[in-house]
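> With the sequence up front, the predicted model follows.
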Amino acid sequence: MDAMPTTLPEPVAPPPRSLMHGVILGAFCLGFGLVLAITDRITVDDIAARAMEDKQNSLSQVLPATIHDNNPVTDTLALRNAEGRELTVYRARQGGAVTAVAYEIFGTGYAGEMKLMLGVAADGKVLGVRVLAHKETPGLGDKIEVKKGDWILRFNDLSLGNPPLERWKVKKDGGQFDQFAGATITPRGVLAAIRGGLEFFAANRAKLLAEN
């Protein structure tokens, strides 16, 4: 008898190269995502703690420790200013009574928006102003920073009535405050921000100083 021909199994074709690339890419993305998730969980507490420290440092410069026995960072109130921007108000208390408040104010400088922190005593006097962020020109507009000069300190103890509202301008605009040589726009923006911040305090004084 003739031998029956042997039928060999057909070779299995390897998976398409595009499929292999997709599997490798998917595995890489999954691994990368897991690393990011784990890193985020590890660092989120550190980031939050650092943000809290930065906030406390900013507030300590405009809310002296001698006028409160609470932690203003955690004693907050949310209110909207005249432009509709929601502000977080940090309240300083002594024996439960609000002695001062602090909140961010915003002005427009030569290079864009400037963000500052304003501290106001219960009687409406400025306790301090500090720059939080700006993009002003180094050597000119950055003189608003306390580490670059004392210009920002001259607002301490002033109020809407001292000087009168119309005098809350740089001298070039008929006010009483000095501008910087070659940089008038920056101090003009800071003054407008502080004046607006004091007007916000006056308009919301009852809410800001309420003990609840």
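On my side now, so go ahead.
> any low-confidence regions in this protein?
1-23, 25-29, 31-53 (pLDDT under 70).
> any chance you could map the strands in it?
Secondary structure of the chain (DSSP state E): strands at 76-80, 86-94, 97-109, 112-121, 126-133.
> As CSV, those with mean neighbour count and distance to Pro163 would be great.
(C-beta placed from N, C-alpha, C; glycine too.) As requested, the strands of the chain are arranged in CSV below (neighbours: other Cβ atoms under 10 Å; distance: least, Cβ to Cβ, whole Å):
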stretch, mean neighbour count, distance to Pro163
strand 76-80, 13, 26
strand 86-94, 18, 24
strand 97-109, 21, 18
strand 112-121, 20, 16
strand 126-133, 20, 12
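> among those strands, which is nearest Trp151?
Trp151 lies closest to strand 126-133 among these, at 10.1 Å (Cβ to Cβ).
> partner strands of that closest one, parallel or antiparallel?
strand 112-121 (antiparallel) (DSSP bridges).
> residues in contact with the partner strand?
58-59, 61-63, 67, 99-108, 126-136, 144, 186, 189-190, 193-194, 197-198, 201 (Cβ atoms under 8 Å, 6 or more residues apart in numbering).
> go on, stretch 186-197?
In contact with stretch 186-197 (Cβ under 8 Å, 6+ apart) are residues 81-82, 103, 105-110, 114, 116, 118, 120, 126, 129, 134, 136, 140-141, 143-144, 151-152, 155, 160, 165, 168-170, 172-173, 175, 177-180.
> burial count for the closest residue to Leu118 other than its chain neighbours?
Distances taken as Cβ to Cβ, 6 or more residues apart in numbering place Gly197 nearest to Leu118, at 4.3 Å, with adjacent residues excluded. Counted with other Cβ atoms under 10 Å, residues neighbouring Gly197 total 25.
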